[in-house]
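Asker: No sequence on hand, only this structure:
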């Protein structure tokens, strides 16, 4: 696993892209599975792949890098994400796997769950000084 991460970081198309590995456990794991909205508190670690780049012409290479690195981590995971790392580009099923059913967001004003083709609101592009950065995030 470590070799895969190191190789991917060396091959990243943008020097701004990052890989975060977070230790879970501790207080996170001491909370019961029904006490919060997200599942997977028993995981020892969670990761976050953050692709960040500046030019639209680099979209495909950077998005592929982020997706490929996240995908290469799948054999080491439990098939869930940390809810704060989810983006609008991830599937509705990924959201359902991450949250307890009663915690799934509802559509505006109603209390009906999001439908299979509805998405969470998109994350805005980030401003860094005068440079507009593009971003892709996976966990």
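Answerer: Thanks, I have the structure now. Since we're looking at a predicted model, the values are computed, not measured.
Asker: Show me where the protein dips below the pLDDT cut-off.
Answerer: Scanning the chain with the threshold set as pLDDT under 70 gives 83, 87-91, 100-139.
Asker: can you tell me which helix in it is longest?
Answerer: The residue-count maximum for a helix in the chain (DSSP state H) belongs to helix 59-73.
Asker: name the helices or strands packed onto that one?
Answerer: With contacts taken as 3 or more CB pairs under 8 Å, 6 or more residues apart in numbering; DSSP states H and E, helix 59-73 sits against helix 2-11, strand 45-53, strand 131-138. All C-beta spots, glycine's among them, are computed from the backbone N, C-alpha and C.
Asker: Could you list the residues in contact with the first one?
Answerer: By that I understand helix 2-11. For helix 2-11, the surrounding residues in contact (CB atoms under 8 Å, 6 or more residues apart in numbering) are 19, 21, 65, 68-69, 72-73.
Asker: quick one: buried residues of that helix?
Answerer: In terms of neighbour count (16 or more other CB atoms under 10 Å), helix 2-11 has its buried residues at 5, 8.
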